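# A predicted structure for the sequence below; I have some questions about it.
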Amino acid sequence: MNKVYGRILSLFLLVLVISVAVIYFTVDINTITNLYMFQPWSVGLAILAMAVGLVLDGTRLMHMVKISGENITLKQAVQVVFGNYFLAMLGPGAAAGAIAQVMFLRRAGVPGGKAAVLALVRTVVSIFFLACCLPFIFLHDEGILPGVSNAVMVYVAGTATILMLVAAYGIRKNAFDYLAVKIARKLSKKWSRKFIDMYRDSKSAIVLLASSPKSMIRVFFESGLSLIFIYMVVPFLMMGLGVTVDWLTVMGRMMFLNILLYFSPTPGGSGIAEGGFVYLFSESVPSGTVGILAVSWRFIAEYLPFFVGLYYTITVFGKHVLDKDLDEDEPNSINVMDK
């Protein structure tokens, strides 16, 4: 069995085991009674919010591609977005999804070097938006990490955001080139090449971000709106259970959880997402329903887009694309300005 089919089967079994375990260990005597209160219209609102978020994700990608000197249609951009969901569920963190983005962007006519950098920029902008929100989240929500004071969390989040900006400025000014070469020389040949490629991609991404400040500000806010609509799935599902939603707290905790998932070692954040959700929202929903809500959130926000991404992958590239290791399609990194 090739790697792609093996990963899909492994993912299905992993998701099934995690979903059953999460529900089993969170149900209680009140579960059925509380579920009778559930209003189906909330599912419609959740899917609508998800759809709006995905379209906004597509439009911001269109604008990023335009900044790089290329053009794609909204349909092609949406295919990139769904393709990202497909492969992201088959690998850890954000790395696997980047391969799908490059594949679809190349098919849309974007040169391989630019496609690799655009995939990186798309992820970096999203993480930076969430990082900018973290200090305000910690100021508002004292219970997000028990045992750690708000002052410490705000300081850590603020410092991390400032360090990201300083690092970006330093990389753009070539201040870290010597250090990067020194680190690369201490690594094995395989990892040295990967490290240098990642560093070059980062430099090219920063060049792209700085090439059109006004347009990138627009992309930044589009990224924020896209994420906000996607995270609105959870409060809408809570409303279906009759919960009076504290929107600032719920959305803040969703941002906190999702920034952690960008660095998750498990496929699509499976297990970590559900466990984090139960931890953060067990006191916010009716007794015995937090596990079911966690699985419902993952189904709407991850698994439905996964299957749409699978459909687009087969439609655009043909069924044979599943017969090989998709990792091999990742292009070598080149400068963002190369044609």
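Looks like it came in fine. In this text the structure is predicted, and so the values were computed from the model without any measurement.
# going by C-alpha atoms from here, please, whenever you check contacts or count neighbours.
OK.
# need the three-state assignment for the nearest residue to Y155 once chain neighbours are set aside.
Once flanking residues are discounted, Y155 sits nearest to P135: 7.6 Å by C-alpha to C-alpha, 6 or more residues apart in numbering. Here P135 is helix, with the state taken from DSSP: H, G, I helix; E, B strand; the rest coil.
# how far away is P135 from V152?
Distance, P135 to V152, using C-alpha to C-alpha, to the nearest Å: 10 Å.
# picking up where we left off before, pretty sure the residue nearest to Y155 is touching A151, no?
No - if you go by C-alpha atoms under 8 Å, P135 and A151 don't touch, sitting 9.3 Å apart.
# for the stretch 51-200 of the chain, give me the ranges with low pLDDT.
Counting by pLDDT under 70, the stretch 51-200 of the chain contains low-confidence ranges at 91-96, 143.
# tell me where it has helices.
Counting by DSSP state H, counting those that start in this stretch, one finds helices in the stretch 51-200 of the chain at the ranges 74-88, 95-107, 112-140, 150-172, 177-185, 189-211.
# just want the angle from the shortest one to helix 150-172.
Comparing the axes of helix 177-185 and helix 150-172 via axes from the mean of the first three to the mean of the last three C-alpha atoms, to 10 degrees yields an angle of 100 degrees.
# just to revisit the earlier point, who's more crowded, P135 and A151?
Neighbours of P135 and A151, each counted by other C-alpha atoms under 10 Å, are more numerous for P135; the result is 20 against 12.
# hang on, the earlier thing: looking at the helices of the stretch 51-200 of the chain, which is nearest to T31?
helix 112-140 (30.3 Å; C-alpha to C-alpha).
# what packs against that closest one?
helix 41-67, helix 95-107, helix 150-172, helix 189-211, helix 213-231, helix 247-261 (3 or more C-alpha pairs under 8 Å, 6 or more residues apart in numbering; DSSP states H and E).
# quickly compare those and say which is most buried.
helix 95-107 (a mean of 23; mean count of other C-alpha atoms under 10 Å).
# how about that one as PDB, C-alpha atoms only?
C-alpha atoms of helix 95-107 as PDB (Å, rounded to 0.1, in the frame of the first residue of the first chain):
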ATOM      1  CA  ALA A  95       4.000  21.300   6.900                       C
ATOM      2  CA  ALA A  96       1.900  18.700   5.000                       C
ATOM      3  CA  GLY A  97      -0.700  21.300   3.900                       C
ATOM      4  CA  ALA A  98       2.000  23.500   2.400                       C
ATOM      5  CA  ILE A  99       2.800  20.700  -0.100                       C
ATOM      6  CA  ALA A 100      -0.900  20.700  -1.300                       C
ATOM      7  CA  GLN A 101      -0.900  24.400  -1.700                       C
ATOM      8  CA  VAL A 102       2.300  24.300  -3.800                       C
ATOM      9  CA  MET A 103       0.700  21.600  -6.000                       C
ATOM     10  CA  PHE A 104      -2.500  23.500  -6.700                       C
ATOM     11  CA  LEU A 105      -0.700  26.800  -7.200                       C
ATOM     12  CA  ARG A 106       1.600  25.300  -9.700                       C
ATOM     13  CA  ARG A 107      -1.300  23.800 -11.500                       C
END
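# I appreciate the help and will end here.
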